[in-house]
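> Just to be clear, the model below is a prediction. Sequence and coordinates:
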Amino acid sequence: MKTSSATSVSSTDQGPLVEVMDRHNRVLAAMPMSEVRRQQLCHRSVVVLLHDEAGRLFLRKRPAAPRQGPERWDLPVRSPVFRGEAVQDAATRALEQTLGIHAERMRLVQVLAPSLENGNEFLHVFALTRPEGGATQGQPGESDSYFFGHEELRCLLKDFSELVSARFHLLARTLKLPKRERRPV
């Protein structure tokens, strides 16, 4: 018989445990991820920007889900940081689980403060550049995955914004993606 107290819930009852944080990024408690999301509690998560050598950004269509609406282009590597896990380790785990890439030398680009707009996450943004020939699961060629060049990404975000997830819009706006090229005046 399962109990409902937060202290006795294992990771198999309601999902993996994550650390609930205060606004100063200090651990307050450990709770199941499903409950953290339901209550919109502050927690840590990671996202990995995967680029090829030409600087194109890898995106994948998220399948249509009842709560999330129709499928949208989004970053494929995103995960909460589990209880006791280092942020870098969470990024490495998420990249390997999602795309089958083991890379420990990712670069931390930025940490976004929690807000309701980003799911109340301390969002740690990592970047990784892979060789064009580097093997990944879901490599371009599948219709749901694509490396977007700067102009393609600008067009997607500006002219086809309804095809992009709200979280990716927020991240693109915050990180100023795609980086604007300076042209002589």
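Thanks, I have the structure now. Numbers count the residues shown, from 1 in each chain.
> Could you list the low-pLDDT ranges of this protein?
Per-residue confidence of the chain (counting by pLDDT under 70) places the weak regions at 1-12, 65-69, 132-143, 179-185.
> what about the longest helix in it?
In the chain, with assignment by DSSP state H, the single longest helix is helix 87-99.
> Need the residues that contact that helix.
For helix 87-99, contacts defined as CB atoms under 8 Å, 6 or more residues apart in numbering pick out 44-46, 48, 50, 76-82, 85, 101-104, 106, 108, 124, 126, 128, 136-138. Every residue, glycine included, has its C-beta placed from N, CA and C.
> Check the protein and tell me which residue is nearest its centre.
Centroid-nearest residue in the chain: residue 78, 2.7 Å away (criterion: CA atoms, centre = their mean).
> so what's it closest to, chain neighbours aside?
The shortest distance from residue 78 to any non-neighbouring residue, by CB to CB, 6 or more residues apart in numbering, is to residue 47 (4.6 Å).
> Who does the one you found form a beta bridge with?
Here residue 47 sits in beta bridges with residue 78, residue 125, going by DSSP bridges.
> List the residues that contact it.
Counting by CB under 8 Å, 6+ apart, residue 47 has contacts 75, 77-78, 123-126, 171.
> In JSON lines: those residues, plus distance to residue 147.
Formatted as JSON lines, the contacts of residue 47 follow (distance: CB to CB, whole Å):
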{"residue": "75", "distance to residue 147": "12"}
{"residue": "77", "distance to residue 147": "14"}
{"residue": "78", "distance to residue 147": "18"}
{"residue": "123", "distance to residue 147": "22"}
{"residue": "124", "distance to residue 147": "23"}
{"residue": "125", "distance to residue 147": "18"}
{"residue": "126", "distance to residue 147": "17"}
{"residue": "171", "distance to residue 147": "17"}
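> Residue 149: which of the residues you listed is nearest?
Residue 149 lies nearest to residue 75 out of those, by CB to CB, at 16.1 Å.
> now the helices for this protein?
Assigned by DSSP H, the helices in the chain fall at 11-14, 33-38, 87-99, 150-159, 166-175.
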